[in-house]
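> Provide a 3D model corresponding to the input given below.
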Amino acid sequence: MLINEADRQKLTELFSKELNTPVRVLVFTVDVNDVSNGNSDCMYCKETVQLATEVGELSDKITVEVYDLYKDRDTAEEYGISRAPAIAIVGARDYGIRFYGIPAGYEFTAFVSALINVSKGVSGLSLNNIKRLGRIDKPVHIQVFVTPTCPYCAPAVQLAHKIALASDFIRADMVEAQEFPELATHYGVYGVPRTVINEDYHIEGAVPEDTFVLHVLAAAGKITKEQAALAGLV
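The predicted structure follows:
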């Protein structure tokens, strides 16, 4: 088992108190024995399925669904999943909350938080920031690159997911840099957390909620360069 008995009991109690409505945990994996699709390098596919399954056993409000990235291509495309292992957390609707790589180590906290927030269907952001994000009217893609041993990464992921919850136009991914080194190299990830917004906008390190939201607005072109400068973003 990946989750020890003491933590299972704590999580069972937490989910009993905090989960309001059903949550679907969609896990996308590959058959590592099928090398025809280049699947043999899926580092933690098996463990990601196991971790999600163990979490799903702790509450009748959590349903775990396991899909093959290639054999269940239609479902993968529906949720915009192109790599494995990946997890989409879906509640009353799809809020765009994704995990690429196993949410282990410090990132397990972000995984649990995402389950609770999606179940409640609320972001927990300040009303002012929710209003600010309401200005976004085009798709925004947030990728937070992390490693399991980084204590500052989980808060950055949690914040990105809350921002996705607050806007129909935002998708937020946790990306485990060691499991997806080609992505880390592509986006110039040399330290974590590093957040990439819409391919070419970057945030280094963990930042407060107000600052993160302003970065998202800047990346989406919703504040001017002068406003960004005044906010200390540039």
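> Okay, domains of the protein per the record?
Domain segmentation of the chain under automatic domain parsing yields 1-120, 123-234.
> Figure out how far the first one is from the centre of its chain.
Taking the mean of its C-alpha atoms, domain 1-120 sits 10 Å from the chain's own mean (Cα atoms, centre = their mean, to the nearest Å).
> for the shortest one, same thing?
The gap between the average C-alpha position of domain 123-234 and the chain average comes to 11 Å, counting by Cα atoms, centre = their mean.
> Rounded mean pLDDT for it, please.
The average pLDDT for domain 123-234 rounds to 93.
> try stretch 87-101
Mean predicted lDDT for stretch 87-101 stands at 98.
> Would you reformat the domains of the chain as TSV and include mean neighbour count?
All C-beta atoms are positioned from the backbone trio N, CA, C, and that covers glycine. Shown next, in TSV, are the domains of the chain (neighbours: other Cβ atoms under 10 Å):
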stretch	mean neighbour count
domain 1-120	18
domain 123-234	19
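> Quick check on Leu125: phi, psi?
phi -70, psi 160 (degrees, to the nearest 10).
> So it is in contact with Glu209, correct?
Yes - counting by Cβ atoms under 8 Å, Leu125 does reach Glu209; the two are 6.5 Å apart.
> Can you show me the helices along the chain?
Taking DSSP state H as the criterion, the chain carries its helices at 5-18, 45-56, 73-78, 107-120, 127-133, 153-165, 181-186, 209-219, 225-230.
> CSV for those helices, including distance to Pro85?
CSV is the format used below for those (distance: least, Cβ to Cβ, whole Å):
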stretch, distance to Pro85
helix 5-18, 20
helix 45-56, 4
helix 73-78, 12
helix 107-120, 12
helix 127-133, 29
helix 153-165, 16
helix 181-186, 14
helix 209-219, 26
helix 225-230, 36
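> between these, which gets nearest to Val30?
When the helices of the chain are compared by Cβ to Cβ, helix 45-56 sits nearest Val30, at 5.9 Å.
> tell me the angle the closest one makes with helix 5-18.
60 degrees (axes from the mean of the first three to the mean of the last three Cα atoms, to 10 degrees).
> then helix 45-56 to CSV, C-alphas only?
C-alpha atoms of helix 45-56 as CSV (Å, rounded to 0.1, in the frame of the first residue of the first chain):
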residue,chain,number,x,y,z
CYS,A,45,1.9,4.7,-14.4
LYS,A,46,1.3,1.7,-12.2
GLU,A,47,1.9,3.7,-9.0
THR,A,48,-0.4,6.5,-10.1
VAL,A,49,-3.3,4.1,-10.7
GLN,A,50,-2.6,2.5,-7.3
LEU,A,51,-2.5,5.8,-5.4
ALA,A,52,-5.7,7.0,-7.0
THR,A,53,-7.4,3.7,-6.3
GLU,A,54,-6.3,3.7,-2.6
VAL,A,55,-7.7,7.3,-2.3
GLY,A,56,-10.9,6.3,-3.9
